[in-house]
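Chemist: heads up, no residue letters with this:
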Ligand code: ADP
C-alpha cells in the first residue's frame, strides 16, 4: 500500500517483483491444475481397475434360485469374497432392460438406465454416471452368460472420495500458494533492489556531474556484468565530453587572445595618433597600419568561421576531377607579387597527368596555406619548390619544399593543432594565428587524404599532401 501510495510501482524493482509474482502465480495455478487432473484420472483409473476385479468376483457368486430368480451367494463362510462386493453399487439387467438384481447398497435407484447397444460386450465399458440422488459414480459393465441366459452386470463405485481428495489438494494449495507468493514477492523485491542498487548509485553520481565536474566518473562495479558495461560506456562518453569541452574552452580562449592582439594594436595606434598633431603623411601611415591590422582580423575571423563550420559539419564539398598540376600552378600564381618582393624563386614541376577528384576551392585553400607558410618562412632570395608525383596504390603526392628555418621533429605533429606556433615571435612577425595548417589538414582529410611535414631543421622543411588519385 505504502509502495503504491508513493507511486512505488513506477520503480523497476517493484514492476519486476510484480511480474515475477504474477508469473509465479500463473505457473503455480497451471501446476495445481495439472496435479488435480493427474490425481483425478489416476484415482479413477484405480476405481476402474477395482470395479473390473469386483465384476469378476460377482460373476462367480451369481446363481439362479429354484424359482428362476437371480441371486448371489452372500454367506461369508463359504464365499468370503462376497463381503467385498456388498460395499459396491450393483445392478444386473437382462438384455431387454429388465432389472434382475440390485444389491442392498443401491436400493431402488437405477444405475445408468436401460442397456446401451453393445454395452459390456467388448471389454468392460467403463464410464461416469450419476445416481438418482445426484451421486457421481464410476460405472463398469460386463455381459455374462449364466445358465444359458444373457446378463448385463453393472458395478459402480461412488466418485465422491475422488472429488474429496481433489478438494483436499485444492484446500492445501489455497493455503500454501499465497504464502509461497508472499515469500517469493519479498525475496524477489529484495533481490531486485540489491541488483539495481549500483544503478541507483550511478544515477545519483550522474546527477551530480555538471559541466564544471566533467572530470568526475561513475563508479564501476567489480563484477563484469551489464552494469559494468553501462558504467564503462557512460564514463567513455564523459571522457569524450570532457575532451570536447576542454577543446572548446581552449579554442574560445585562444580565439579571444588572437582577436585581442590586433584590436589592442589598432587602439594604441589610434590613441597615439590622436594625442599628437600629426601631419597628413603620418595620418596616412596610421590609417595604413590600422588597415593592416583590420586585414589580419578579417583573415582571422574568416579562418575561425571556416573552422566552426567544419566542426559543425556544415561544409559541403563539391568534387570535380582535375590535374593536380593545374591546382599547384593556380595556387603558386597567387604568390607572384610576394615572391617578387622577396626575390624568391618558386618552381612547380612534376607529373602533368596526375589527377585528383576534389573540391577545388577547399583543396586550393589547403595548398595556399602551405605555400603561404613556405613563402613567409623562406628568407629573401630563397627557393620554394612544388613537386607533383604519382605514388603506389593510385595516390597523388603534392610536395612543397622551402628554404626556411625548418620545423624540429618535436613540433612536426603539433603544427597542425589549432593556434599552435613553433615560436611566438616567428609567426607574430609574419602575422599568422596558427590556424592555416589546421584548416589545411581538415580539408585534406575531408578528401580522404593526409598531410604531414618531414622535419628537417635548419634546411627548410617539406610538406607532403597525399590524396587519392582519380582515374
Ligand atoms: P600560421 O598562420 O601562424 O602560419 P600555421 O598553422 O600555418 O599558422 O602554422 C603553424 C606554425 O607552424 C607556424 O606558426 C610556424 O611556427 C610553423 N610553420 C608552418 N609552416 C612552416 C614552414 N614552412 N617553415 C617553418 N615553420 C613553419
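Modeler: Yep, that arrived. For clarity, every value in this text was computed on a predicted model and none was experimentally measured.

Chemist: What residue in this structure comes nearest to the ligand?
Modeler: Relative to the ligand, the nearest point of the chain is residue 432 (2.1 Å; Cβ to the nearest ligand atom). Where C-beta positions appear, they are placed from N, C-alpha and C, glycine not excepted.

Chemist: For that residue, give me its contacts.
Modeler: 373, 376, 421 (Cβ atoms under 8 Å, 6 or more residues apart in numbering).

Chemist: Narrow these to those in strands?
Modeler: The members of those all map outside strands under DSSP state E.

Chemist: Residue 273: which of these is nearest?
Modeler: residue 376 (28.4 Å; Cβ to Cβ).

Chemist: Can you check the pLDDT for the closest one?
Modeler: The score at residue 376 is 92. That number is its pLDDT.

Chemist: neighbours of it, just the number please.
Modeler: Per other Cβ atoms under 10 Å, the neighbour tally for residue 376 reads 19.

Chemist: Tell me the spacing between it and residue 465.
Modeler: Using Cβ to Cβ, to the nearest Å, one obtains 18 Å as the distance from residue 376 to residue 465.

Chemist: Also residue 108?
Modeler: On the measure of Cβ to Cβ, residue 108 and residue 465 end up 116 Å apart.

Chemist: What of residue 160?
Modeler: Distance, residue 160 to residue 465, by Cβ to Cβ: 100 Å.

Chemist: out of the two, which sits in the busier spot?
Modeler: Comparing residue 160 with residue 465 by other Cβ under 10 Å, the one with more neighbours is residue 465, at 24 against 11.

Chemist: partner residues bridging that one?
Modeler: Taking DSSP bridges, one finds residue 398, residue 451 as the beta-bridge partners of residue 465.

Chemist: was I right about it contacting residue 397?
Modeler: Yes: assessed by Cβ atoms under 8 Å, residue 465 is found in contact with residue 397 at 7.0 Å.

Chemist: can you list the residues of the stretch 351-471 of the chain near the ligand?
Modeler: Counting by Cβ under 6 Å from any ligand atom, the residues of the stretch 351-471 of the chain close to the ligand are 369, 373-374, 377, 402, 404-405, 407, 415, 420-422, 426-427, 432-438, 461.

Chemist: if we go to 5 Å?
Modeler: Residues of the stretch 351-471 of the chain lying near the ligand by Cβ under 5 Å from any ligand atom: 373-374, 377, 402, 404, 407, 415, 421-422, 426-427, 432, 434, 436-437.

Chemist: what does the chain give?
Modeler: The interface of the chain toward the ligand, taken as Cβ under 5 Å from any ligand atom, is made up of 373-374, 377, 402, 404, 407, 415, 421-422, 426-427, 432, 434, 436-437.

Chemist: Got a quick PyMOL command for the buried subset of those?
Modeler: Applied in PyMOL, the following selects the buried portion of those according to 16 or more other Cβ atoms under 10 Å:
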select buried, resi 373+374+377+402+404+407+415+421+422+427+432+434+436+437
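
Chemist: Of all pairs in the residues of the chain next to the ligand, which one spans the longest distance?
Modeler: Between any two of the residues of the chain next to the ligand (Cβ to Cβ), the greatest distance is 17.8 Å, for 402 and 434.

Chemist: what about residue 433, which SS state?
Modeler: coil (DSSP: H, G, I helix; E, B strand; the rest coil).

Chemist: Confirm for me that it is in contact with residue 307.
Modeler: No: assessed by Cβ under 8 Å, residue 433 is found out of contact with residue 307, at 10.8 Å.

Chemist: Compare those two (neighbour count), which wins?
Modeler: The neighbour count for residue 433 versus residue 307, taken as other Cβ under 10 Å, is higher for residue 433 (23 against 17).
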